[in-house]
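Engineer: got a structure for you, letters missing:
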């Protein structure tokens, strides 16, 4: 079924040099080119190798617990009073988010390349946990770079990573958030490139990362297609996902690119509101530029300096976005909207109370938009929201907002 | 003939090697940069690499990241840096100046506008760290058509095929990164550098300068024995950081570091 569509789309995005239209590419210092060329060659070889694919699929089934359910949120749909809302339950994956689909894939690459050490950057800590997890399983040394601000607001995940045997390095440069963690990880990689594999957590960065992370995450959209056909007898009317770097969204969207009846809607972090400038929504309110090895939409000032971002969810607090989203936006194939902090928090509470499912604050942005949208649609329409992660990690943040200390 | 070409020709004629200091423009404040540039020339610098501050200098170590942060506190923009070069040119029409930085500030003002402003100010070359040759096909042509030299990096991990490609793309000089890592990282291995430099010599007539890991007169001398130019950055920027609270001392003291390297290289 969907495999065919997938392959067609893959021939279009990206081109041989990693460009998605004018976006993507490999804008890095010469010192990193050798490592990226090696990774690209290995990935091209292994992704065409059935035994690699089989090992990946086996891990997804027996270690991650896939396929994740597609769940009809009937009470939520009823409460909203419009289109039917379905949830793709990536929160039920091992480690609690979609991130592990990608770290399983990249850790397998590290294993095939014989690299004994992996490094990762992390925002909310979900990717760091997923990296520490696969490193523990494969016996790899693991170092995770995390902005000092995020270390504070995601203390639980920091401790999880340490329990898993990873070393967590708080990054104090720049804005002390995800983008600075990514800078530090790149610096580590360039210094230790001979024995180190850099597990990038989102479908961003220099070629081939946006492509390979997307490929590993496409399992989300492929399963969703299959499950939609089985459960409702057709494809959904829209798929909705939150977008920080954009890996859960591109994993959901990419397999649907050729299915033009399916709207694809990415939800960015509106922070305190787009009008305040304090947000993390480059597709909604940014412009194209170059950062972290790729050309894409960025939050930057007139002089080309990257601006500090704000979001209640650490995982969306990033000034750039994966290049495939930039291209899908320009093509008009996907729509990008923003949900602000307070709307996301409301959705967090609503889903928890109505369905007994506590979503991550990142995913709460997608839930919030789906609720808004569903309200305006007839009851026979179907929206699928990618519930990219679970909310346990955010309990402290929500409690703080409620003025509760433990 | 470009100022860079002329400078390397005359060095060659007098059997001397180029000493190329790097400082970040506007660090620790914009008033220091002009006197510092003149002091560097007075102390024996042949070419100046002037860093354009960027919020996310991914290929640099903590020393230069902090220099960028100090400069950005004063909102030093690319166009301000170009203005500094114009000021410098009022009294120094000979010393080549290369702008070194990242692509995004250039994209933000536009390639054409940047090239024209830079040229008008007396900038001689551009080294854009995150713009490797395969992404630079159009910009490189535009810059060179306007009369700016385009300087590219080579690293220990650069394949032979890429070395050839970079030799074709580069002009002014080629910048060989001596160690795996970011600016200001570990000590360099002179023998390894010499091997690579000799390999590249067979591919190009361009001058070959070496940077990363050169921190004292001894290492400057050792590199001068195998390459055409010695690039020094983090050790200068470190001294600037130490003197950030008494910036009036910066030109003389940082100049002294260069003077010491110059003597060692010429001895």
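Structural biologist: Everything's here; your move. On a predicted model such as this, the values are computed, not experimentally measured, just so you know.
Engineer: per-residue confidence for the closest residue to chain A within the stretch 151-267 of chain B?
Structural biologist: Of all residues in the stretch 151-267 of chain B, the one sitting closest to chain A is residue B:157 (3.3 Å; C-beta to the nearest C-beta). (Glycine included, C-beta is placed from N, CA and C.) If you check residue B:157, the pLDDT there is 87.
Engineer: helix, strand or coil: sort out the closest residue to it other than its chain neighbours for me.
Structural biologist: Nearest non-adjacent residue to residue B:157, counting by C-beta to C-beta, 6 or more residues apart in numbering or on different chains: residue A:34, 3.3 Å away. Put simply, residue A:34 is helix when judged by DSSP: H, G, I helix; E, B strand; the rest coil.
Engineer: how much space between residue A:34 and residue A:173?
Structural biologist: Residue A:34 is 25 Å from residue A:173, where distance means C-beta to C-beta, to the nearest Å.
Engineer: name the element residue A:105 belongs to?
Structural biologist: helix A:99-113 (DSSP states H and E).
Engineer: say whether chain B is contacted by that helix.
Structural biologist: No. Using C-beta under 8 Å from any C-beta of the partner chain, we find that helix A:99-113 stays clear of chain B, coming within 14.9 Å at best.
Engineer: what helices or strands is that helix leaning on?
Structural biologist: helix A:30-47, helix A:50-59, strand A:117-122, helix A:126-138, strand A:196-199, helix A:209-217, helix A:247-253 (3 or more C-beta pairs under 8 Å, 6 or more residues apart in numbering or on different chains; DSSP states H and E).
Engineer: strand partners of the shortest one, parallel vs antiparallel please.
Structural biologist: The one in question is strand A:196-199. According to DSSP bridges, strand A:196-199 forms sheet pairs with strand A:117-122 (parallel).
Engineer: from the chain's centre, how far out does the partner strand sit?
Structural biologist: 16 Å (C-alpha atoms, centre = their mean, to the nearest Å).
Engineer: what's the burial count for residue 118?
Structural biologist: Defaulting to chain A. Counted with other C-beta atoms under 10 Å in any protein chain shown, residues neighbouring residue A:118 total 26.
Engineer: the intended chain is chain B.
Structural biologist: Other residues within reach of residue B:118, judged by other C-beta under 10 Å, total 26.
Engineer: any idea of the pLDDT on it?
Structural biologist: Confidence score, pLDDT, at residue B:118: 98.
Engineer: again with residue A:5
Structural biologist: 40.
Engineer: cool, and residue B:1?
Structural biologist: Reported pLDDT for residue B:1: 75.
Engineer: next one: residue A:278
Structural biologist: On pLDDT, residue A:278 comes in at 97.
Engineer: how about the secondary structure of it?
Structural biologist: Criterion first, three-state DSSP; result for residue A:278: coil.
Engineer: so who does it touch?
Structural biologist: A:271-272, A:310 (C-beta atoms under 8 Å, 6 or more residues apart in numbering or on different chains).
Engineer: going by distance to residue A:84, which of these wins?
Structural biologist: Taking C-beta to C-beta as the measure, residue A:84 lies nearest residue A:271 of those, at 29.8 Å.
Engineer: check whether that closest one really touches residue A:308, as I assumed.
Structural biologist: No. In this structure, residue A:271 is not within contact of residue A:308 by C-beta atoms under 8 Å, at 10.6 Å.
Engineer: which one's more surrounded, the two?
Structural biologist: Between residue A:271 and residue A:308, residue A:271 has the larger neighbour count (other C-beta under 10 Å), namely 24 against 16.
Engineer: could you check how far the nearest residue to that one once chain neighbours are set aside is from chain B?
Structural biologist: Distance criterion C-beta to C-beta, 6+ apart; nearest residue to residue A:271, sequence neighbours excluded, is residue A:279 at 3.4 Å. Relative to chain B, residue A:279 is positioned 18 Å away (C-beta to the nearest C-beta, to the nearest Å).
Engineer: hmm, residue A:279 is touching residue A:244, no?
Structural biologist: No. Counting by C-beta under 8 Å, residue A:279 stays clear of residue A:244, with 11.8 Å between them.
Engineer: shared neighbours of the two, anything?
Structural biologist: Joint contacts of residue A:279 and residue A:244 (C-beta under 8 Å, 6+ apart) are A:268-269.
Engineer: which SS state does the closest residue to residue A:338 other than its chain neighbours fall under?
Structural biologist: The shortest distance from residue A:338 to any non-neighbouring residue, by C-beta to C-beta, 6+ apart, is to residue A:270 (3.5 Å). Under three-state DSSP, residue A:270 falls in the strand class.
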